[in-house]
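Predicted structure and sequence below. I'll ask about it afterward.
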Amino acid sequence: CTAVALVDNDIEASGGNGILVNAPQELLGRDFALRRNRVAGSGANGIAVYARGAVVASANLVTSSGNRSTALSVVTGGRARVAMSNNVVRDSAAHGVFVRGADRGLVQNSIIHTSADTGMTLRDSADMQVVNNLLYANATDGLAVGTGGGASPRPVVSNNTIYANGARGFVLGSGGVASP
């Protein structure tokens, strides 16, 4: 059962987070859906979800998140499924997409570029699939899995296009492959 569905919202120039879902105790373990939202010019995170259960984020456009913040962030306390698809994320002041604490999930068919840090970061998240994404022109890495002390076992990374990032195209743990 979906606890919260945020669909077709236009949010511009918010001083803090564009959309913040900070699940109260009574909603932990419930599902959250964010679809077709357009968030631009937020002073902090574009979309930030702190929850357990399923988190679905699809067809969102998130631009110009500010103050060293992430454009699209999902942080769970474990036992959570994450599904992100068809999102466009650009001009983030930190990570483009950040997932922490998921126990399985999929990020697919998304375009993530010109982030001031890594395009997509997965930490402390097991069994994540990253498929058919375009990650480019991010200041550091295109895709980082299990970095920053947050192991992410059993990732499947396939059919992504990653190029022109400032440091590495793909990094797993402390190593990496340079971006061409």
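Yes, it's here.

Leaving out the residues flanking it, which one is nearest to the most centrally placed residue in the chain?
Taking CA atoms, centre = their mean, the centroid of the chain lies closest to Val97, which sits 2.5 Å from it. Spatial nearest neighbour of Val97, chain neighbours left out: Met120 (4.4 Å); criterion: CB to CB, 6 or more residues apart in numbering. Using the backbone N, CA and C atoms, a C-beta is placed for each residue, glycine as well.

How about the contacts made by the one you found?
Met120 sits next to 95-98, 107, 112, 130, 133, 135, 142-144 when contact means CB atoms under 8 Å, 6 or more residues apart in numbering.

If we use 7 Å, what do you get?
96-97, 107, 112, 135, 143 (CB atoms under 7 Å, 6 or more residues apart in numbering).

Closest to Ser73 out of these?
Minimum distance to Ser73 across these is 7.6 Å, recorded for Val97 (CB to CB).

can you give me phi and psi for that closest one?
phi -130, psi 130 (degrees, to the nearest 10).

pretty sure it contacts Val89?
Yes - under the criterion of CB atoms under 7 Å, Val97 makes contact with Val89 at 5.9 Å.

which outside residues touch the longest strand seen in the chain?
Determined from DSSP state E, the single longest strand within the chain is strand 72-85. Residues outside strand 72-85 that contact it (CB under 7 Å, 6+ apart) are 45-58, 60, 62, 87, 89, 97-110.

Tell me the strands beside it, with direction?
Strand 72-85 sits in its sheet next to strand 47-58 (parallel), strand 97-100 (parallel), strand 104-108 (parallel), going by DSSP bridges.

ok, of these, where does mean pLDDT dip lowest?
If you rank these by mean pLDDT, strand 47-58 sits at the bottom with a mean of 88.

Could you tell me how far the closest residue to Asn9 other than its chain neighbours is located from Arg79?
Counting by CB to CB, 6+ apart, Asn9 lies nearest to Asn37, which is 4.7 Å off, once chain neighbours are set aside. Distance, Asn37 to Arg79, using CB to CB, to the nearest Å: 25 Å.

That's all I had, so thanks and see you.
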